[in-house]
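> The following comprises the amino acid sequence and a computationally predicted model.
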Amino acid sequence: MDVPDLLRRAADLIPAHTRSDAGLGADDVRDYLAQDEWEVALAVLDDFDGVQWQTVRYWDLLIAAARQLWLENDVAWFHWRRSETLHGLIRADLRLVPPEEGGRRLPVPNDGKLRPLWSIGRTTAEGHDDLSVAAIRVESAPEIPPGGSGRIRLLPLTPLHWRHLGPGDVITMHEGRPVRGTATITQIQPPHFNAGQRQQSTGRIRWTPPFSS
């Protein structure tokens, strides 16, 4: 399929009366496609938030279109959103420990490649802190500077370990054992129902190339 066909099929999956963050809907996507504004149409399709109706098929269509348009950053982002459809959405506010107090000396990038350890309230059989891996994407900023703070999305390697968390819970970020930051959970959304049905026997995410370092 060519780009317009891919995007048109994605637009057909948008529920009636659903609007993007900018107030646009499926008909607006079709209007942009009629004007050959393919990248604008793709941006509108990306602007719908949450995982309540966005299926794996929806993201596969956007990934295929972005690849044909050579938009590699969008490809990586849509892979991330696809994983959220399968495993759920986690948002948090992260505050990094200042470098002079033992924190990171490099910024946290927004590309999803940083996968630190997190203390999420789990313990081992011996009573030790059982740290869990989760990738970070910074929202609405290119990075979080050393000692800074920002909004993030988290994609756990083992999503089932995170199911007990809810808004207001506090978790700590580690690189090795030292604490590098503290995050407060602000939003939890469960996986898309149908995707969850298909994935219920799988405890771990299969990391895709866009998340590899």
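Yes, it's here.

> Please make it C-alpha for all contacts and neighbour counts, starting now.
Noted.

> what about the strands in the chain?
For the chain, the strands defined by DSSP state E cover 89-96, 108-109, 117-119, 132-138, 143-144, 149-156, 170-174, 179-189.

> Kindly report the domain assignment for the protein.
Domain ranges of the chain: 3-86, 88-204, per automatic domain parsing.

> quick one on the thing from earlier: adding mean pLDDT, write the strands of the chain out as TSV.
Listed next are the strands of the chain as TSV, based on pLDDT from 0 to 100:
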stretch	mean pLDDT
strand 89-96	98
strand 108-109	97
strand 117-119	97
strand 132-138	98
strand 143-144	98
strand 149-156	98
strand 170-174	98
strand 179-189	97
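
> Could you dump those into JSON lines with mean neighbour count and distance to Ala34 added?
Below are the strands of the chain laid out as JSON lines (neighbours: other CA atoms under 10 Å; distance: least, CA to CA, whole Å):
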{"stretch": "strand 89-96", "mean neighbour count": "22", "distance to Ala34": "33"}
{"stretch": "strand 108-109", "mean neighbour count": "19", "distance to Ala34": "36"}
{"stretch": "strand 117-119", "mean neighbour count": "22", "distance to Ala34": "46"}
{"stretch": "strand 132-138", "mean neighbour count": "22", "distance to Ala34": "33"}
{"stretch": "strand 143-144", "mean neighbour count": "20", "distance to Ala34": "36"}
{"stretch": "strand 149-156", "mean neighbour count": "22", "distance to Ala34": "34"}
{"stretch": "strand 170-174", "mean neighbour count": "20", "distance to Ala34": "47"}
{"stretch": "strand 179-189", "mean neighbour count": "19", "distance to Ala34": "34"}
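
> okay, the ones you listed in TSV with distance to Asn73 next?
Converted to TSV, the strands of the chain look like this (distance: least, CA to CA, whole Å):
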stretch	distance to Asn73
strand 89-96	20
strand 108-109	13
strand 117-119	24
strand 132-138	12
strand 143-144	15
strand 149-156	16
strand 170-174	25
strand 179-189	24
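
> Val75 is nearest to which of those?
Closest to Val75 of the strands of the chain is strand 132-138 (CA to CA; 14.2 Å).

> Strand partners (parallel or antiparallel) of that closest one?
Sheet pairing of strand 132-138 (DSSP bridges) gives strand 117-119 (antiparallel), strand 149-156 (antiparallel).

> what residues does the longest one touch?
By that I understand strand 149-156. Contact partners of strand 149-156, identified using CA atoms under 8 Å, 6 or more residues apart in numbering, comprise 80, 83-84, 89-96, 132-140, 144, 162, 205.

> between that strand and strand 179-189, how big is the angle?
Here the directions of strand 149-156 and strand 179-189 differ by 70 degrees (axes from the mean of the first three to the mean of the last three CA atoms, to 10 degrees).
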